[in-house]
Structure formats: structure tokens, C-alpha cells
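Engineer: quick one: sequence plus predicted model below, questions after.
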Amino acid sequence: MFLNKGTSEILVATAAFLFVFGTLTGLRVWDLEPSTSVQSAIVWVGALLITAIVVFRAFQGTDLVGNWILAFGPSFAFTLNLFIPVAAGPGAFIFPVGSGAIISGVITVVGYSIGLLC
């Protein structure tokens, strides 16, 4: 049984979100957080990896919205993990959604543009 394109993109984005958020939260709970410079390097590498995936998929001819959905999962996990310890109330969820959407949008536009130019 094959899933349609939109459903598989949502499932992959959800799996990426769960992996990234679970890993980062686990590190925080178990007091195994790396230094700030290492965390920054992990976020940069993650952003570059997501961008490379978007470039590859754009080169294959996939649409902009599908690529944005894929980029949103891990981007939302990064921002949610960043805001949860410092925000309380509705802002603990609203700010990560907004910033995750902006970050994934930038990653998608950059990656999609590069993929179309190749």
C-alpha cells in the first residue's frame, strides 16, 4: 500500500519532529545538554541538512508546499525546544509555531530556489 504524496510528506515531517524534539528534550531532562557552541553547530547542521533535502526534492520536481511541510517538522521541533523552558502560558506554543513557520519558510524558499536553478 502506497500513501499519497501529501500524506507521506506529513508523516515524514511528523517523524522528524518527534525525533528532533524527543532527542533535544531527552538531553535536557537527563542533564546531558552539550555546550551552547555545540548546540549551535547541531542546529546549523540540521538546517543545512533540511535545506539539502529541499534542494534535492526541488530538483526532482516536487512542489513548494510539500517541501515546506517537510521543513516545518524539524524547524518546529527546534523552536519548540527553545521556547518551552522560557515561556509560559499560550506563548509557549504560539511563538514556536510562528517562528518555526518562518524558519521553515526561509529554508524552503532558499532550498527550492537552488533546486530549480540546478
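Structural biologist: Cool, got the structure.
Engineer: from residue 57, how far off is residue 84?
Structural biologist: Distance of residue 84 to residue 57, given as Cβ to Cβ, to the nearest Å: 30 Å. C-beta coordinates here come from the backbone N, C-alpha and C atoms, glycine included.
Engineer: which one's more surrounded, the two?
Structural biologist: residue 57 (20 against 16; other Cβ atoms under 10 Å).
Engineer: what does the model give the spatially closest residue to residue 46 that is not a sequence neighbour for pLDDT?
Structural biologist: Distance criterion Cβ to Cβ, 6 or more residues apart in numbering; nearest residue to residue 46, sequence neighbours excluded, is residue 74 at 6.2 Å. Note on residue 74: pLDDT of 92.
Engineer: likewise residue 33?
Structural biologist: Listed pLDDT for residue 33 reads 78.
Engineer: helix, strand, or coil at it?
Structural biologist: Look at residue 33: counting by DSSP: H, G, I helix; E, B strand; the rest coil, its state is coil.
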